[in-house]
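Undergrad: build me a model from this:
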Amino acid sequence: MESPDVLIRQFADAARSMQEKTSTQQMLDEAVEIAIEIIEGCDLAGMSIVNPRGVDTPAGSGDALKRLDSLQFELREGPCFDALHVQEVVVCRDLATDARWPTWGPRVAKEIGVRSIVSYRLFTAADTLGAMNLYSLRTDAFDTEDLYNGVALAAHVAVALAEAQNVTHLETAISVRTGIGRAEGILMERFDLSPAQAFAVLRRASQHQNIKLNQVAEELTRTRETPS
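TA: So this is what the prediction gives:
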């Protein structure tokens, strides 16, 4: 068992490592590896993320684990589902016999051999982002110290995830705006328009064709043909 000072350094290193990742996917993959390294009882880990379509598990210890994490939301039962909807931390000491999840639990125990799990809600002051799921191949694998260390790690993951998602959204917005800017430039040069007038032409074409403004801009940039 690591000393408190060693664990503090590990969490600090983990936080810096996750923040250095250049994409949300890289950050989540790193979080899976760190969870297995730091939490003594953890053999497998998965990161389930809330998205506009529902919840999926883009990072985890293998495809089978990702599938069984996703299965919780199809069946609407399981510790990850409960961590998102009921309480912030959900602990199970034996999945094969836990009456809370009579379908999902025995299936996980049989197909993958995991026996205990702890799920943590990933959240910030503003949003619920997903859940961190830590699995063990042993029953009753997570002691009190593991549970507290998991809370600390989940907090770091949530902050890193929120930052990564914000960067991704910003990059997307900049990319879209840059495409619109190129299209505006074409119209300004071709018809001697002001930036506001060029934007108005793109907006009118978007409304008339009933497609997104950035799609109109992309088509104009690609074909060099003026929107009708």
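Undergrad: against which helices or strands is the strand or helix carrying residue 198 packed?
TA: Using DSSP states H and E, residue 198 sits within helix 195-209. Using 3 or more Cβ pairs under 8 Å, 6 or more residues apart in numbering; DSSP states H and E as the contact criterion, the elements in contact with helix 195-209 are helix 144-191, helix 213-223. C-beta here means a position set from N, CA and C on the backbone, and glycine is covered the same way.
Undergrad: buried residues, it. List them.
TA: 198-199, 201-202, 205-206 (16 or more other Cβ atoms under 10 Å).
Undergrad: out of these, who's nearest residue 130?
TA: Within these, proximity to residue 130 (Cβ to Cβ) peaks at residue 206, which comes in at 33.6 Å.
Undergrad: tell me who's in contact with the closest one.
TA: Listed by Cβ atoms under 8 Å, 6 or more residues apart in numbering, the contact partners of residue 206 are 212-213, 215-216.
Undergrad: let me have those in JSON lines, extended by pLDDT and neighbour count.
TA: Listed next are those as JSON lines, based on pLDDT from 0 to 100; neighbours: other Cβ atoms under 10 Å:
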{"residue": "212", "pLDDT": "77", "neighbour count": "11"}
{"residue": "213", "pLDDT": "72", "neighbour count": "17"}
{"residue": "215", "pLDDT": "80", "neighbour count": "14"}
{"residue": "216", "pLDDT": "79", "neighbour count": "23"}
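Undergrad: can you tell me the closest non-neighbouring residue to the residue most central in space within the chain?
TA: Taking Cα atoms, centre = their mean, the centroid of the chain lies closest to residue 49, which sits 3.9 Å from it. Spatial nearest neighbour of residue 49, chain neighbours left out: residue 130 (3.9 Å); criterion: Cβ to Cβ, 6 or more residues apart in numbering.
Undergrad: the one you found looks like it's in a strand, true?
TA: Yes. Under DSSP: H, G, I helix; E, B strand; the rest coil, residue 130 sits within a strand.
Undergrad: start at 25 instead
TA: In the new numbering, first residue 25, that becomes residue 154.
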